[in-house]
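Asker: pasting a predicted model and its sequence here:
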Amino acid sequence: MTSEDRHDRDPAGRQAVTPADAQAALDDIRRRQEQSGAAELRFGLSRASVLTAALLLFVSFASFDLPNPWGGAVLLPGLLLVALIVVRHTHGAPVRNRPGATGALLGVVCGIAGFGVFLGLAAALSSGGVPAPHLVAAAVVVGACLLAAPRARRAAEARLRRRAERRY
């Protein structure tokens with residue numbers, strides 16, 4: 001028995017993992033990662049998830065028009081919607097992956113940009129004399145987000161497919 005043969009066998013006499021077996025295992029892991037990413041996208045950008053997030057965004061933004069004691073009262077429905085989103089994602093999601101740095105950064109940038117658009121539009125509407133500028137601005141921003149959601153989902157799915165194709 002040569003020294004190479006001795007290293008290819010374990011003490012029980014079974015064959016060690018061959019390079020082909022290792023590659024097949026890695027390919028299977030990559031396929032499972034792609035499946036879990038697709039399942040996460042389907043759930044996170046499902047109609048129910050998007051509508052719940054849109055309702056939360058609308059209630060939060062529209063509450064800027066309420067007088068002082070009532071503006072704080074909107075905090076309770078907003079917190080209930082956040083709790084609903086968290087519970088639904090925690091218990092209903094088929095996959096719970098940690099967000100990647102790129103996805104988290106993209107979410108923060110989109111959130112800041114959306115809030116900036118809301119504030120600019122509300123200021124423009126307020127200077128134009130619209131009676132409830134934040135309500136109208138909230139409706140416009142949330143409507144734009146709802147219209148953009150299907151495109152965002154398709155873009156995310158295409159990115160996921162591209163990443164998977166590069167691996168194979």
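Answerer: Cool, the structure landed. Just so we're clear, the structure is a prediction, and the values are computed from it rather than from any experiment.

Asker: helices and strands around the longest helix along the chain, which ones?
Answerer: Counting residues, the longest helix in the chain under DSSP state H turns out to be helix 133-167. When contacts are defined as 3 or more C-beta pairs under 8 Å, 6 or more residues apart in numbering; DSSP states H and E, helix 133-167 packs onto helix 19-44, helix 47-62, helix 101-127. In short, each C-beta sits where N, CA and C put it, glycine included.

Asker: now those in a markdown table, with distance to His134?
Answerer: A markdown table is the format used below for these (distance: least, C-beta to C-beta, whole Å):
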| stretch | distance to His134 |
| --- | --- |
| helix 19-44 | 28 |
| helix 47-62 | 6 |
| helix 101-127 | 5 |
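
Asker: flag whichever of the ones you listed has the least confidence on average.
Answerer: When these are compared on mean pLDDT, helix 19-44 scores lowest, with a mean of 85.

Asker: buried sites along that one?
Answerer: In terms of neighbour count (16 or more other C-beta atoms under 10 Å), helix 19-44 has its buried residues at 34, 37-38, 40-41, 43-44.

Asker: can you check stretch 102-118 too?
Answerer: Buried, per 16+ other C-beta under 10 Å, within stretch 102-118: 114, 118.

Asker: cool, and stretch 146-155?
Answerer: 149, 153.

Asker: go ahead and name everything in contact with that stretch.
Answerer: 41, 45, 50-51, 54 (C-beta atoms under 8 Å, 6 or more residues apart in numbering).

Asker: are any of the residues you listed buried, and which?
Answerer: Buried among the contacts of stretch 146-155 (16+ other C-beta under 10 Å): 41, 45, 50, 54.

Asker: which one is the third one nearest to, not counting chain neighbours?
Answerer: In other words, Val50. Ala149 (4.9 Å; C-beta to C-beta, 6 or more residues apart in numbering).

Asker: can you pull up the most central residue in this protein?
Answerer: Centroid-nearest residue in the chain: Gly44, 5.6 Å away (criterion: C-alpha atoms, centre = their mean).

Asker: look up how far His89 lies from it.
Answerer: 8 Å (C-beta to C-beta, to the nearest Å).

Asker: turn the contacts of stretch 146-155 into CSV, including distance to Gly120.
Answerer: Shown next, in CSV, are the contacts of stretch 146-155 (distance: C-beta to C-beta, whole Å):
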residue, distance to Gly120
Leu41, 30
Leu45, 26
Val50, 24
Leu51, 25
Ala54, 20
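
Asker: ok, those residues vs Gly103, which is closest?
Answerer: Leu41 (10.4 Å; C-beta to C-beta).
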